[in-house]
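Trainee: Whatever this is, show me its structure:
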Amino acid sequence: MNKAKKLLNELQNLDMDIQSRIDEINELEAGLLSSPKWKTDKVQGGQARQVDDVYTQLIVMKEAIEQDTNEVINRKLELGRLINKLKNPRSRSVLRMTYITKMYVDEICDKLVISKSSYYNMRKAAIEELSLVLEHLE
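Mentor: Numbering: from 1, shown residues only. You can find the predicted model right below:
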């Protein structure tokens, strides 16, 4: 698989990664907002764990996940900017609709008023153009 296809596959999968991180943040926030069920007493020789310590750990985890999410979002923006470097606007449109907005082939064909075979030819040409852009950047 060439470099352009690898980047486009990565771009296509970033939304799932971003959403899973957002879900994780929401879970942590729900835990922060729920009433504490931890006790500050020692339990059978264990060390007492303060509720504040647990909240602090949850907040630190939330901040770390938010930072990671921002990095993934920045990667998606970076890959989108590579598509913007294509000279042909239809090539940019085909790649954006396919890999960023994740439209179905039929929707793209309807929107661009083209046949499926034209779509596949345009997508192939756009990927080749992206490959040239990537080679030029190296």
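Trainee: does residue 28 really touch residue 60, like I thought?
Mentor: No. In this structure, residue 28 is not within contact of residue 60 by C-beta atoms under 8 Å, at 10.1 Å. (C-beta placed from N, C-alpha, C; glycine too.)
Trainee: There's contact between residue 114 and residue 120 in this structure, I believe.
Mentor: No. Applying C-beta under 8 Å as the test, residue 114 and residue 120 come out as separate, 9.9 Å apart.
Trainee: still on that earlier bit, among residue 28 and residue 60, which residue is more densely surrounded?
Mentor: residue 28 (18 against 10; other C-beta atoms under 10 Å).
Trainee: count of neighbours near the nearest residue to the more buried one once chain neighbours are set aside?
Mentor: Nearest non-adjacent residue to residue 28, counting by C-beta to C-beta, 6 or more residues apart in numbering: residue 62, 4.6 Å away. Each residue near residue 62 was counted by other C-beta under 10 Å, and the total is 18.
Trainee: Give the other helices and strands that the helix or strand harbouring residue 62 contacts.
Mentor: Here residue 62 sits within helix 51-84, counting by DSSP states H and E. When contacts are defined as 3 or more C-beta pairs under 8 Å, 6 or more residues apart in numbering; DSSP states H and E, helix 51-84 packs onto helix 3-33, helix 89-95, helix 116-137.
Trainee: So which other helices or strands are in contact with the first one?
Mentor: The criterion is 3+ C-beta pairs under 8 Å, 6+ apart, and the helices and strands that helix 3-33 contacts are helix 51-84, helix 116-137.
Trainee: mind listing what's buried in it?
Mentor: Within helix 3-33, the residues that count as buried by 16 or more other C-beta atoms under 10 Å are 4, 7-8, 11, 14, 17-18, 21, 24-25, 28.
Trainee: Now that helix: average pLDDT?
Mentor: Confidence over helix 3-33 (mean pLDDT, whole number) is 83.
Trainee: go on, the second one?
Mentor: Within the predicted structure, the mean pLDDT of helix 89-95 is 94.
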